[in-house]
Every structure is written in C-alpha cells, then in structure tokens.
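[1] Quick one: sequence and predicted model below, then my questions.
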Amino acid sequence: MLDYLEAKADGAVAPMAGHPPAVEVRHLRFSYPGGFPALRGIDLTLGPGDKVALVGPNGAGKSSLLLHLNGILRADEGEVLIAGLPVRRENLGRVRALVGLVFQNPDDQLFSPTVFEDVAFGPLYMGLGESEVHRRVELALAAVHMERYGPRMPHRLSLGERKRVSIATVLAMDPAVLALDEPSAGLDPRSRRALIRLLDELPQAMVVATHDMHLVRDLLPRTVVLDAGLVVADGPTSEILRDVRLLEEHGLEAP
C-alpha cells in the first residue's frame with residue numbers, strides 16, 4: 001500500500017489528509033489518430049472535495065480530458081495523477097476504483113437485467129465478498145435516493161432515474177473522484193433540480209463537463225474554461241460568469 005493512500009476497513013482506498021491532490025494534471029497533451037490535437041498542454045489540480053465545472057464550446061477537449069482521468073485515453077505527453085497515483089497501465093485497477101466516470105448517456109453504463117446487478121458489477125469485479133457487495137450496493141442506491149429500485153429493470157426507468165443509477169454504479173466502487181460528462185443533458189426541469197441536489201450532497205471531488213451554465217452556477221464553485229484544447233480561464237464560478245466578454249469569446253452564455 002502506498003503511503004499517500006489510506007486503506008479503509010472494507011478494503012477501499014482514499015487519499016490521506018495533507019497528501020497529494022485528488023486530481024493533478026500536468027502539461028497534458030493528446031491527439032487523436034490522424035493528428036487532431038484534442039489537448040494541448042493542460043494543467044489542472046483538484047483538492048479533496050473540490051467541485052469543478054469544465055465548460056467550453058464543442059470540441060474544446062472536455063470529454064477527452066475526462067477520459068484521461070481513469071486511463072481510457074493515454075497521454076501523448078505529460079501525466080495525470082489521482083491521489084498521487086500516476087495513471088499508467090500498471091495502476092489502472094486502482095485508478096479506476098478511485099475515479100468514477102459517469103457517461104452522458106446512462107445506457108452506455110447500464111447493461112444488466114436489474115438495477116442491483118448493474119450497481120454490483122464494479123464491486124464484484126474488485127473481488128469483494130458477497131456481504132460487502134450487498135453493503136456497497138445498498139449504500140450506493142441510498143446515496144442516490146433509489147433504495148427500492150434494486151429489482152427494477154434499468155431500461156424501464158425514466159432518464160433521470162437511469163442517470164441516478166449510473167451514478168450509483170460508480171459510487172459502489174467508493175471513488176475519491178467523480179468525473180461526469182453532461183449529467184443534466186436531456187433532463188426536464190424537475191429532474192435537473194433533483195440531480196443538482198443529489199450531486200451537491202456527495203462528498204467526492206467532482207469534475208463536471210457541461211454546457212448547462214445554470215448547473216454550473218448552482219452547483220460548482222470553480223469553473224475551468226477550455227477552448228481548442230487549452231485552459232483559457234480558471235477561477236471562481238461567480239467571477240467567470242460575470243465576465244461576459246470571456247464567455248462570448250468561447251461560445252458560452254451567462255445563465
């Protein structure tokens with residue numbers, strides 16, 4: 001066990017107080033096949049419990065950055081560290097337990113016959129025992145206020161309910177960081193408000209890629225503006241949202 005990680009009684013891993021940031025991105029560069037540069041030297045640091053918005057126009061690099069946090073994409077240059085642990089091939093198992101990635105479309109994440117089985121998949125993959133798996137599923141479903149939905153079929157749930165279950169699937173891994181891609185996309189106003197309340201309750205560090213500037217205002221104290229693979233602004237959300245010229249230059253609108 002590395003000395004900057006603390007082992008919990010149930011075998012989960014979490015950053016120790018006073019040790020490396022929850023997320024540290026250093027000079028990250030990445031190009032897709034064909035040479036398109038998606039990320040052109042990104043630097044970003046999150047402390048434990050930080051909640052940060054990633055905003056910018058389509059093609060700015062938001063989703064590409066999220067996919068580097070748990071090693072789905074690999075850097076061409078630079079590095080990503082989660083709780084001080086480098087995102088490298090030999091560390092991917094531990095990194096993916098520490099970073100819960102929630103896709104924009106919950107149907108990309110839910111594939112089992114029941115909600116319980118979807119939420120149990122990650123803990124089972126970690127090799128945990130039956131009683132611990134059940135405990136984690138119950139805690140994760142309770143965290144998203146879906147306690148009675150375990151026997152339900154995911155494809156028969158509403159979009160808002162499926163999004164909650166997709167969050168539960170990563171919470172069951174007891175992550176230190178949540179990376180969410182457009183979590184409010186497609187939701188009606190009531191479901192969107194419920195999602196904001198839910199995310200506000202969660203203690204994990206959170207990186208949220210979104211075009212929903214109302215969600216940014218209501219949930220995320222810090223905002224990072226990306227454009228063309230670069231960080232063009234990083235500061236308190238209240239200040240970013242007051243900078244009309246900055247928002248207009250990068251295809252954004254104040255809520």
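    Looks like it came in fine.

[2] average pLDDT across stretch 31-44?
    What stretch 31-44 shows for mean pLDDT is 93.

[3] What are the contacting residues of that stretch?
    The contact list for stretch 31-44 (C-beta atoms under 8 Å, 6 or more residues apart in numbering) reads 23-30, 52, 61, 64-65, 68, 76, 78, 224, 226, 228-231, 234. No exception for glycine: its C-beta is placed from N, CA and C like everyone else's.

[4] Show me what counts as buried in that stretch.
    With burial defined by 16 or more other C-beta atoms under 10 Å, the residues of stretch 31-44 counted as buried are 37, 38, 39, 40, 42, 44.

[5] Go through the residues you listed and name the one nearest residue 19.
    Comparing the buried residues of stretch 31-44 against residue 19 with C-beta to C-beta picks out residue 44 as the nearest, at 18.1 Å.

[6] Is the closest one located within a strand, as I assumed?
    Yes. Counting by DSSP: H, G, I helix; E, B strand; the rest coil, residue 44 falls inside a strand.

[7] Kindly state the beta-bridge partners for it.
    Beta-bridge partners for residue 44, by DSSP bridges, are residue 25.

[8] what separates it from residue 124, distance-wise?
    Distance, residue 44 to residue 124, by C-beta to C-beta, to the nearest Å: 32 Å.

[9] so the spatially most central residue of the chain, which of the three states?
    For the chain, the residue nearest the mean C-alpha position is residue 179 (0.9 Å; C-alpha atoms, centre = their mean). The assignment at residue 179 comes out as strand when based on three-state DSSP.

[10] For it, give the beta-bridge partners.
    residue 101, residue 207.
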